[in-house]
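>>> here is my input, please return the structure:
(2 chains)
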Amino acid sequence: MTDVDLMQGMIAQTDEGAQEMRSRSSMTASELLREVGSVLRMSEAEAAKLGEAQAGTSEDQTMIINMGPQHPSTHGVLRLMLELQGETVLRCKPVIGYLHTGMEKTGEELTFMQGGTNVTRMDYASPLNNELVFALTVEQLLGITGDIPERAVWIRMLMSELNRISSHFLFLATNGMDLGAVSMMIYGFREREEVLRFFQAVTGLRMNHNYIRPGGVAADLPPGWRDEVLRLLEIFPGRLEEYDTLLTAQPIWRERLQGVGVITAEEAVALSATGPTARASGVEWDLRRDLPYLHYDELDFDVIVGSYGDAFDRYAVRLNEIRESMRLVGQILDRMPKGDYRIQDKKITPPPRARIDESMEALIHHFKIFTEGFKVPEGEAYVAIESPRGEIGCYIASDGSAKPYRMHIRAPSFVNIQCLPHMMRNGLVADAVAIISSVDPVLGEVDR
Amino acid sequence: MSDAAAPEVQEAEAAPPPPPELFGCPFDESTGQAVVFVPLDQYAAFAKRLVDESYTMCSDLTAVDYLNLPGRRLPAHVRASGIQPERFELVLNVLSMSQHHRLRVRVQVAADATTVPSVFDQWPGTEAMEREVFDMFGITFDGHPDLSRILMPEDWDGHPLRKDYEVGSIPVQFSPDVRPVQIRSRP
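This is a model prediction of the structure:
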């Protein structure tokens, strides 16, 4: 086999056809302009300016390269096709689907009881928020949103906020690593581990907990949980101060991030970007405040908003969101009521273990719930909450059986990576890593 | 909810109230959430109208294949306005950030005419979502700039989230006794 045969065979095996970026010569000028100038409604003057900049580029001066899917800075298996002229990125196209496992199809085969184990594996850096949105949607369909015990609601908020903290610590770790601040990776993972240790004490698992379930949560908080949370609240402020010294005030860090990957507020809204990616551009939108769920409307917190929309603002927004989440956790600790941790509806939640030994009905309910699951009335509902990455939504259409007829997750990372081509245009290839990192995509959620 | 988005139900004195509608299309509430049913031929114009009415973000666009539920019923006043349930349904969740209001748009798409207009020009953020719906359901979007598969490989046969797409299993590669592929049909 000659080298040419070998190469053609390899191309045939890895070719993604129309999903890949096309060469300049195979596109018409308007198509090119649309891709480059992207997708936004530009004024004619802006479009003309962009057209001029592109007109002087011929194909023999540019090169299309693949970054990923196997690249350490793509946070998984994200593949970016970059058209480069020298070191300047002219065009960028994300090619995704390398981690697609058909989780929405799987969701149709699992009962509402089992569904949590499926959705929790999508955004594996914030599993509790995935479970929360799934549980809230099922409860919306069941019509029991108002009947969830107070303690369960507050436990959900506590876990959701702690998960936001751990997810943002993971972002700080990987963002540091991507930019060469390798010691930051160790610190970020160290702090995240503190939170995960608490999760393990509460749920039994560090990740993929299946802790928040329709009807409440799986178990009550363990003895001593309050001291553990207080310990976390005690150590984190000092650590965040260290980060400020290590990164925020550091000239190299600012050089690498400031002015890199800028996206305006209008662009962010048009591209449906949410979460820190949009807030860094000045879009004041946080579902916890603007369309409140659980009891977020009773708590006092600030929505962190950036002003330049660059990679530095996205870093700073997340760093300060950790502080806001700690404020929230502190208030949740004060407000945590006593009571039941799940709804006592035998059709939805299993009876307490002790009841099974003494009550025939309890045994039957237990058996029915775990064999065929509970039935959810016909209907459809969409519930969205603020995950660390943005708006995570769950759309369920139910046909009245124990399994969802259709289960769809609106994944914030899937939508947010549409911003990458805009952020990278006319930037340097060295900044591409900083930009991917600043959007903080989780590929498990992008591909689902 | 502001007055622009509220269903017009205040004139209840003399005549029975007119069926609730929003921007000329039947309006309903599903588990307390605002839903508007839009006929396919008005879909593109309705999307433009929504952007003008401050629904500037399309946060989600997906579809449902109702193949296994042929007898499903839409609300009475929706049927009275001439919208019949079809096999596919396009579901959009649009967001008005100024009014703090979320609205769901449901569009019926017939099984034999699965081409719908793209709303890319109204909400550029739907680019990936429309590609996903095309990939998973085989609904084509007229006017989409780059309608290719997004999650499945380019040479894949079929559209996985359709209800007549068979769920199969593949042998586990690392197992010592590899069994042949078994395709399990839906009952």
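>>> going forward, measure contacts and count neighbours with C-alpha atoms only.
Noted.
>>> what are the ranges of the helices in chain B?
Along chain B, counting by DSSP state H, helices occupy B:43-52, B:76-80, B:127-137.
>>> among these, which is the most enclosed?
Of all the helices of chain B, helix B:127-137 has the most neighbours on average by mean count of other Cα atoms under 10 Å in any protein chain shown, namely a mean of 23.
>>> and of the helices of chain B, who's closest to chain A?
helix B:127-137 (7.0 Å; Cα to the nearest Cα).
>>> which residues of chain B lie near chain A?
B:30-31, B:33, B:56-60, B:62, B:64, B:69, B:97, B:100-101, B:121, B:123-126, B:128-129, B:145, B:148-155, B:160-161 (Cα under 8 Å from any Cα of the partner chain).
>>> thinking again about what came up before, dump the helices of chain B into CSV; add mean pLDDT as well.
Formatted as CSV, those follow (pLDDT from 0 to 100):
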stretch, mean pLDDT
helix B:43-52, 90
helix B:76-80, 82
helix B:127-137, 92
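>>> can you redo those helices as a markdown table with distance to residue A:158?
Shown next, in a markdown table, are the helices of chain B (distance: least, Cα to Cα, whole Å):
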| stretch | distance to residue A:158 |
| --- | --- |
| helix B:43-52 | 36 |
| helix B:76-80 | 42 |
| helix B:127-137 | 32 |
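>>> among these, which is nearest residue A:166?
Counting by Cα to Cα, residue A:166 lies closest to helix B:127-137 out of the helices of chain B; the figure is 28.4 Å.
>>> just the helices in the stretch 101-250 of chain A please.
Applying DSSP state H, counting those that start in this stretch to the stretch 101-250 of chain A gives helices spanning A:103-109, A:115-119, A:127-142, A:150-178, A:182-203, A:225-243.
>>> buried deepest among those helices, which one?
Of all the helices of the stretch 101-250 of chain A, helix A:127-142 has the most neighbours on average by mean count of other Cα under 10 Å, namely a mean of 27.
>>> can I get the helices of the stretch 101-250 of chain A in a markdown table with distance to chain B and mean pLDDT?
Supplementary listing: the helices of the stretch 101-250 of chain A in a markdown table, determined by distance: least, Cα to the nearest Cα, whole Å; pLDDT from 0 to 100:
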| stretch | distance to chain B | mean pLDDT |
| --- | --- | --- |
| helix A:103-109 | 6 | 90 |
| helix A:115-119 | 16 | 91 |
| helix A:127-142 | 7 | 93 |
| helix A:150-178 | 20 | 93 |
| helix A:182-203 | 30 | 92 |
| helix A:225-243 | 32 | 92 |
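>>> for stretch B:162-177, what is the average pLDDT?
Average pLDDT, stretch B:162-177: 71.
>>> just checking, which helix or strand of chain B averages the lowest pLDDT?
Evaluated with mean pLDDT, DSSP states H and E, the helix-and-strand set of chain B has its lowest mean pLDDT in strand B:182-184, which scores a mean of 57.
>>> hang on, I meant chain A
For chain A, the helix or strand with the lowest mean confidence is helix A:44-55, at a mean of 59 (criterion: mean pLDDT, DSSP H and E).
>>> which secondary structure elements does whichever helix or strand comes after that helix contact?
Going down the chain from helix A:44-55, the next helix or strand is strand A:63-67, by DSSP states H and E. Other elements packing on strand A:63-67 under the criterion 3 or more Cα pairs under 8 Å, 6 or more residues apart in numbering or on different chains; DSSP states H and E are strand A:79-85.
>>> does chain B sit close to the strand it packs on?
No. Applying Cα under 8 Å from any Cα, one finds that strand A:79-85 is not in contact with chain B, the shortest distance being 12.1 Å.
>>> direction included, what does that strand pair against?
Using DSSP bridges, the strands paired with strand A:79-85 are strand A:63-67 (antiparallel), strand A:88-95 (antiparallel).
>>> show residues contacting it.
Defining contact as Cα atoms under 8 Å, 6 or more residues apart in numbering or on different chains, one finds that strand A:79-85 is touched by A:20-21, A:61-70, A:89-96, A:429.
>>> which parts of that strand are buried?
A:79, A:80, A:81, A:82, A:83, A:84, A:85 (16 or more other Cα atoms under 10 Å in any protein chain shown).
>>> can you check stretch B:94-109 too?
The neighbour-count check on stretch B:94-109 (16+ other Cα under 10 Å) flags B:94-97, B:99, B:101-109 as buried.
>>> walk me through the domains of chain A.
Under the assignment automatic domain parsing, the domains of chain A span A:26-56, A:103-447.
>>> straight-line length of the last one, end to end?
Okay, so that is domain A:103-447. Using Cα to Cα, to the nearest Å, one end of domain A:103-447 lies 9 Å from the other.
>>> do you know how far residue A:448 is from chain B?
Noted for residue A:448: a distance of 9 Å to chain B, by Cα to the nearest Cα, to the nearest Å.
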